[in-house]
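> The sequence and its predicted three-dimensional model are supplied below.
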Amino acid sequence: MPGEDTAEENALRAELAAERAYIELCRAALGTAESAARDRVREGAGVLTGQHSGEAAAEGVAADGASAEALGRRLRSRAAELHTEPEGPPFFGRLDFLGAGRGGEEAGEHRGQRYYIGRRRVSEHPSAPPLVLDWRAPVSRAFYQATAVHPQGVGSRRRFGWAPEGTGTPADLTGLEDERLTDPLPEAAGEGARTPGAVAGSVLASRIVAGEIERPRVGPMRDIVATIQPEQDDLVRSGPDSSICVQGAPGTGKTAVGLHRAAYLLHTHPRRIERGGMLVVGPNPAFLAYISAVLPALGEGGVRQCTVRDLLPGLPVRAEDAPRVVELKHGARMAEVLRRALLGRVRLPDGPLAVPDGSYRWRLDEAELRALVEETLAQRPPFEVGRERVRARAAALLREQAERRAGPPGDAWLRRMGRTRALTGFLDSVWPRTRPEEVVAGLLGDAEALARAADGLLSEEEQRALLWRGHRPRSPRAARWSEADLLLLDEAAGLIARPGESFRHVVVDEAQDLSPMQCRVLARRSRFGSLTVLGDLAQGTTPWAARDWPEQLAHLGAPGAAVTALTTGFRVPSELLAPANRLLEALEVPVPPARSLRTGGELCTVRVATAAELSRVVPERVAAALGRAGSVGVLAAGSRAAGVRAALEAAGIATGAPGGAPERVVVVAAELAKGLEYDHVVLVEPAELAGSGPLGPRHLYVALTRAVSRLEIVHSAELPQALRG
């Protein structure tokens with residue numbers, strides 16, 4: 001009835017007014033916190049420059065200069081974080097727990113409480129109860145996990161709809177939705193309501209959640225804190241000591257899961273993670289630029305984000321290997337070849353050792369020296385550790401002789417004996433110091449040395465391919481290194497001495513494309529930490545792409561990591577996944593077909609008579625896509641991408657590169673499109689991708705799954721079988 005509608009409308013207006021008043025309270029608290037943080041930065045700067053009294057120094061800054069600088073950085077970082085907060089929504093959800101006597105026993109200490117959930121904690125004072133809880137707080141988990149079947153003491157869950165903020169304009173509250181978890185389930189739901197698909201489906205029934213997931217976007221990737229699904233939340237909140245692997249089909253949010261897990265660990269275990277450091281590794285700079293805003297938006301700045309190449313030695317690359325040689329150098333066998341080459345530098349003693357001590361000479365016979373070196377070799381320590389171990393054990397043998405002759409010598413005597421010229425000369429002859437460049441150059445520049453190290457591992461043909469021929473350097477310093485040689489140099493450096501750079505947690509995205517030697521680069525830098533490994537075997541597009549996760553995880557140094565498959569997507573509509581799923585059989589990888597809870601995607605094809613017409617039709621289709629909201633990705637084979645960009649610019653359409661200026665239209669070589677997404681994709685000549693060699697079908701699979709709204713295929717050649725009809 002009309003009166004009832006009016007009553008509902010009035011009630012909604014009253015709720016919105018109350019929530020807007022709470023928003024203003026939160027923003028005022030954030031403004032106060034930002035001002036206080038700026039004041040603390042100024043006070044700290046004054047103390048550091050000697051402009052404040054010793055009393056101020058005692059109150060605001062630690063006593064020593066290094067601690068003061070660290071505190072200053074922390075204060076400046078906190079002030080910068082708060083400065084970015086007021087314009088964004090201070091919260092996205094609310095939890096109302098049941099009270100006593102109303103079924104709230106499961107709520108425990110939260111009975112009758114109301115909590116607002118946001119990206120960061122908001123309070124009027126550090127010691128005051130929070131106005132907004134951080135999404136990573138333990139009680140916030142109920143926002144993502146509570147269901148009508150398992151309400152966890154929650155009576156209702158409220159979601160807030162927000163209009164996107166403009167430059168300098170705060171986001172505006174536009175609506176709200178309440179989900180009452182105490183309402184009885186339909187009888188037909190039964191056990192089916194407990195399944196992940198049913199839970200996700202009920203979440204997408206929310207107009208606000210669906211709108212957030214489907215909202216067009218231009219520019220960097222956004223966080224998903226308002227739309228995290230229960231199975232994603234389980235992975236995000238995995239503890240710091242466990243390594244996990246997420247096999248994620250297109251559109252399932254595996255990258256978001258990895259980044260949000262990083263933010264969760266930094267917030268929940270700050271001392272442990274910050275002490276060891278956090279590293280995020282992506283496949284290329286374009287991908288890193290795309291994800292670069294997610295962690296800062298969650299309040300976690302200062303996390304290093306790089307590619308594997310950025311971790312390798314910074315030597316200039318002045319040579320190029322043939323594809324076959326590149327594949328050999330990326331292979332796991334090279335690690336053992338290098339180990340043998342390095343240990344081949346060790347020589348067994350061929351005589352006794354005399355060590356002068358004043359007017360006396362201590363003598364170690366050949367047999368005990370040989371036993372000492374052989375025992376150290378059997379322990380397989382890093383090369384430098386082995387050398388020092390031989391030194392220490394030889395000095396211990398000298399000490400035993402000294403004890404028998406005149407009683408225990410002092411520590412100073414032992415240190416002096418360990419550094420005598422005679423003992424150091426002995427070490428240089430049996431266990432000489434070496435550098436990574438000497439090991440690799442000595443291997444690739446000497447056929448006999450390579451044959452000894454590669455015996456039984458590499459064929460004679462493979463050894464000939466690896467040998468330097470036209471540019472044998474006179475010395476390692478003059479060597480012309482290739483890109484793949486840097487992997488060998490890093491491996492050799494790891495064999496000689498443990499790398500100094502190590503991280504407490506490493507997030508590795510698109511991990512299926514890493515070679516065994518690239519995996520070992522990361523394993524050396526997370527020896528005492530844990531990993532979040534993200535990828536999709538179906539999207540492996542390198543010659544060495546993984547075909548199963550257990551072997552890849554072993555190369556990464558995490559053989560026991562649990563593998564969890566995410567197969568239900570929310571971003572890529574089911575209509576756009578269908579042709580990609582038809583390609584899976586040709587990819588020969590053990591992954592199930594992807595499915596999506598979204599529908600309404602558009603898939604269409606435009607055929608032109610000749611290849612020359614593509615330069616006219618592609619700009620027309622891109623211009624038509626610009627008439628809709630959102631980003632436009634133009635994908636083509638790498639050999640064609642430059643021509644496509646030139647055609648668009650000739651038509652007056654501005655284009656950007658992935659990670660560059662935020663133009664609405666981005667031209668991407670399909671081989672580099674992994675991990676990126678666009679509202680509209682114009683895919684040019686897919687037959688060129690499919691026929692580009694053994695990896696062609698995988699490149700096509702990636703290209704087909706980049707659109708989250710509309711995929712338009714422009715072609716002159718016959719379409720691949722999966723796209724016909």
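In hand now; what should we look at?

> in the stretch 151-300 of the chain, which segments are predicted with low confidence?
Scanning the stretch 151-300 of the chain with the threshold set as pLDDT under 70 gives 165-169, 185-205.

> tell me the helices in the stretch 101-250 of the chain, going along the chain?
For the stretch 101-250 of the chain, the helices identified by DSSP state H, counting those that start in this stretch occupy 141-145, 196-204, 207-214, 230-236, in order along the chain.

> Count the neighbours of Gln401 for me.
15 (other CB atoms under 10 Å). Any C-beta I mention is one placed from the backbone N, CA and C, and that applies to glycine too.

> Touching the strand or helix carrying it from outside, list them.
Using DSSP states H and E, the element containing Gln401 is helix 383-406. Judged by CB atoms under 8 Å, 6 or more residues apart in numbering, the contacts made with helix 383-406 from elsewhere in the structure are 342-343, 346, 353, 355, 362, 364, 368-369, 372-373, 376-377, 379, 381, 408-409, 413-414, 417-418, 423-424, 426-427, 430-431, 433-434, 495-498.

> Buried residues in the helix or strand just after that helix, which are they?
Elements were assigned by DSSP H and E; along the chain past helix 383-406, the next helix or strand is helix 411-418. Residues of helix 411-418 classed as buried under the neighbour-count rule (16 or more other CB atoms under 10 Å) are 414, 417-418.

> Quick check: which ranges of this protein have low pLDDT?
1-5, 41-87, 165-169, 185-205, 471, 658-662, 725.

> what residue of it is the furthest out?
Ser359 (62.4 Å; CA atoms, centre = their mean).

> Report the angle between the helix holding Gln401 and helix 411-418.
Helix 383-406 and helix 411-418 meet at an angle of 120 degrees, taking axes from the mean of the first three to the mean of the last three CA atoms, to 10 degrees as the criterion.

> mind checking how far helix 383-406 is from the chain centre?
Using CA atoms, centre = their mean, to the nearest Å, the distance from the centre of helix 383-406 to the centre of the chain it belongs to is 45 Å.

> What's the biggest helix in the chain, counting residues?
With secondary structure taken from DSSP state H, the chain has its longest helix at helix 2-48.

> helices or strands next to it in the packing?
Using 3 or more CB pairs under 8 Å, 6 or more residues apart in numbering; DSSP states H and E as the contact criterion, the neighbours of helix 2-48 among helices and strands are helix 54-60, helix 65-84, strand 172-180.

> Now for Arg159: which residues touch it?
With contacts defined as CB under 8 Å, 6+ apart, Arg159 is in contact with 92-93, 176-177, 179, 206, 208-209, 226.

> one more time with 7 Å
The neighbourhood of Arg159, defined by CB atoms under 7 Å, 6 or more residues apart in numbering, consists of 93, 176-177, 206, 208-209.

> Turn the buried residues of helix 411-418 into TSV, including distance to Gly560.
Shown next, in TSV, are these (distance: CB to CB, whole Å):
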residue	distance to Gly560
Leu414	42
Met417	44
Gly418	40
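
> check which helix or strand covers Ala609.
In this structure, Ala609 sits in neither a helix nor a strand according to DSSP H and E.

> Can you tell me the number of residues neighbouring it?
Burial of Ala609 is recorded as 8 neighbouring residues (other CB under 10 Å).

> At which residues are the strands of the stretch 551-700 of the chain located?
562-566, 568-569, 595-596, 602-607, 632-636, 665-669, 678-684 (DSSP state E, counting those that start in this stretch).

> if you compare those, which one is most tucked away?
Comparing these by mean neighbour count (mean count of other CB atoms under 10 Å), strand 632-636 ranks first with a mean of 29.

> so what secondary structure elements neighbour it?
Counting contacts by 3 or more CB pairs under 7 Å, 6 or more residues apart in numbering; DSSP states H and E, the secondary-structure elements packed against strand 632-636 are helix 614-625, strand 665-669, strand 678-684.

> Identify all contacting residues around that strand.
In this structure, residues lying in contact with strand 632-636 by CB under 7 Å, 6+ apart are 622, 625-626, 644, 664-668, 670, 673, 676, 678, 680-685, 703, 706.

> ok, 8 Å please
Under the criterion CB under 8 Å, 6+ apart, residues 618, 622, 625-626, 644-645, 648, 655, 664-670, 673, 676-685, 688, 703, 706-707 lie in contact with strand 632-636.

> so how far is Arg222 from Arg215?
From Arg215 over to Arg222 the distance is 9 Å, taken as CB to CB, to the nearest Å.

> before we move on, the earlier item: list only buried entries from the contacts of helix 383-406.
Restricting the contacts of helix 383-406 to buried positions leaves 342, 346, 353, 355, 362, 364, 369, 372-373, 376, 409, 414, 417-418, 423, 426-427, 430-431, 434, 495-496, with burial counted as 16+ other CB under 10 Å.

> In helices, which of these appear?
342, 369, 372-373, 376, 414, 417-418, 423, 426-427, 430, 495-496.

> So which of those is the closest to Gln518?
Ranked by distance to Gln518 (CB to CB), those are led by Leu495 at 16.3 Å.

> For whatever helix or strand Ile713 lives in, name the packing helices and strands.
Element membership of Ile713, judged by DSSP H and E, is strand 707-715. Counting contacts by 3+ CB pairs under 8 Å, 6+ apart, the secondary-structure elements packed against strand 707-715 are helix 574-587, strand 602-607, helix 614-625, strand 678-684, helix 686-690.

> What helices and strands are in contact with the last one?
With contacts taken as 3+ CB pairs under 8 Å, 6+ apart, helix 686-690 sits against helix 696-704, strand 707-715.

> Find out how far it is from the centre of the chain, if you would.
With CA atoms, centre = their mean as the basis, the mean position of helix 686-690 lies at 29 Å from the chain mean.

> The second one too?
Relative to its chain's centre, strand 602-607 lies at 34 Å (CA atoms, centre = their mean).

> which other residues reach it?
The set of residues external to strand 602-607 that reach it, using CB under 8 Å, 6+ apart, is 575-576, 579, 617, 621, 709-716, 719, 723.

> do the same with the third one
Under the contact criterion CB under 8 Å, 6+ apart, helix 614-625 has outside partners 606, 608, 632, 634, 643-644, 647-648, 650-651, 653, 665, 680, 682, 684-685, 710, 712, 714, 716.

> so what's Gly299 up against?
With contact taken as CB under 8 Å, 6+ apart, Gly299 is in contact with 81, 119-120, 263, 267.

> Could you dump those residues into JSON lines with distance to Gln247 and neighbour count added?
Written out in JSON lines, the entries for these read as follows (distance: CB to CB, whole Å; neighbours: other CB atoms under 10 Å):
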{"residue": "Glu81", "distance to Gln247": "34", "neighbour count": "18"}
{"residue": "Arg119", "distance to Gln247": "28", "neighbour count": "22"}
{"residue": "Arg120", "distance to Gln247": "31", "neighbour count": "21"}
{"residue": "Ala263", "distance to Gln247": "22", "neighbour count": "26"}
{"residue": "His267", "distance to Gln247": "26", "neighbour count": "18"}
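
> right, and out of those residues, which lies closest to Asp509?
Within the contacts of Gly299, the smallest distance to Asp509 is 14.7 Å, found for Ala263 (CB to CB).

> How about the contacts made by the closest one?
Counting by CB under 8 Å, 6+ apart, Ala263 makes contact with 136, 294-295, 298-300.
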